[in-house]
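Novice: A structural model of the following input is requested.
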Amino acid sequence: MAIVDPEYKFICIDVGGYGRNLDGGILEDSAIGKRLEMGNLNLPTNKPLPGQVEDSPMVLIGDEAFALKPYLLKPFPRRQSRNNIQLDNYNYRLCRARRVVENAFRILTKKWRIYNRLIEVKEETTIKIIMATCILHNFIRVQNCNIDTIEPDENDSISTLGELSINDRRGTNESLRIRDNFIDFFNS
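Specialist: This is a model prediction of the structure:
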């Protein structure tokens with residue numbers, strides 16, 4: 001599980017969740033998820049979105065596998081958004097933003113060949129390898145090192161992200177209000 005900034009750097013990572021578990025469950029069980037729930041992850045302070053007066057919290061962007069939370073936006077199910085241009089635009093904007101995370105992982109895996117095969121070492125060593133490559137990835141991004149520079153392909157089709165199983169857990173009233181605020185912002 002990772003939080004990525006707009007420059008494709010890993011801000012926060014949590015390594016060790018089982019791949020067979022659903023993303024929403026992995027987030028809830030992770031240190032990141034627990035700190036988000038308790039409100040002590042040191043997210044930037046709330047401020048209004050451009051052109052708006054009401055403060056909005058800083059939010060993470062997830063896919064359909066996650067539950068809607070005050071700190072996490074997710075797209076509407078396709079069946080719900082396809083007949084509503086505002087919801088469809090909201091989904092499109094979220095998907096574009098989510099590509100930053102997908103591209104950060106793509107850059108990481110292309111730069112470090114260890115990800116091209118099964119990592120056959122102890123679990124503790126695997127965790128250290130993943131953390132080390134993320135740290136080195138960030139270092140290279142900050143230093144603008146030119147070792148086989150690999151940048152994301154902006155022409156990648158959004159559909160390559162694939163469809164995930166839908167999580168129908170309903171968000172809280174606060175989550176819905178925050179999402180509505182972003183819907184208005186994306187459609188203004």
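
Novice: alpha carbons only for contacts and neighbour counts from here, please
Specialist: Fine.

Novice: list phi and psi for the closest residue to T172 other than its chain neighbours.
Specialist: Counting by CA to CA, 6 or more residues apart in numbering, T172 lies nearest to K69, which is 7.0 Å off, once chain neighbours are set aside. K69 has phi and psi values of phi -130, psi 160 when expressed as degrees, to the nearest 10.

Novice: quick check: beta-bridge partners of K69?
Specialist: K69 has the following beta-bridge partners by DSSP bridges: L72.

Novice: tally of neighbours for it?
Specialist: 21 (other CA atoms under 10 Å).

Novice: right, and it touches R177 too?
Specialist: No: judged on CA atoms under 8 Å, K69 makes no contact with R177 at a distance of 10.4 Å.

Novice: can you pull the contacts of R78?
Specialist: By CA atoms under 8 Å, 6 or more residues apart in numbering, the contact list for R78 is empty.

Novice: roughly how far apart are it and Y92?
Specialist: To Y92, R78 is 11 Å away according to CA to CA, to the nearest Å.

Novice: and the lowest-mean-pLDDT helix or strand in the chain, how far out from the chain's middle?
Specialist: In the chain, the helix or strand scored least confidently by mean pLDDT, DSSP states H and E is helix 23-29, which has a mean of 81. Mean-position distance between helix 23-29 and its chain equals 13 Å (CA atoms, centre = their mean, to the nearest Å).
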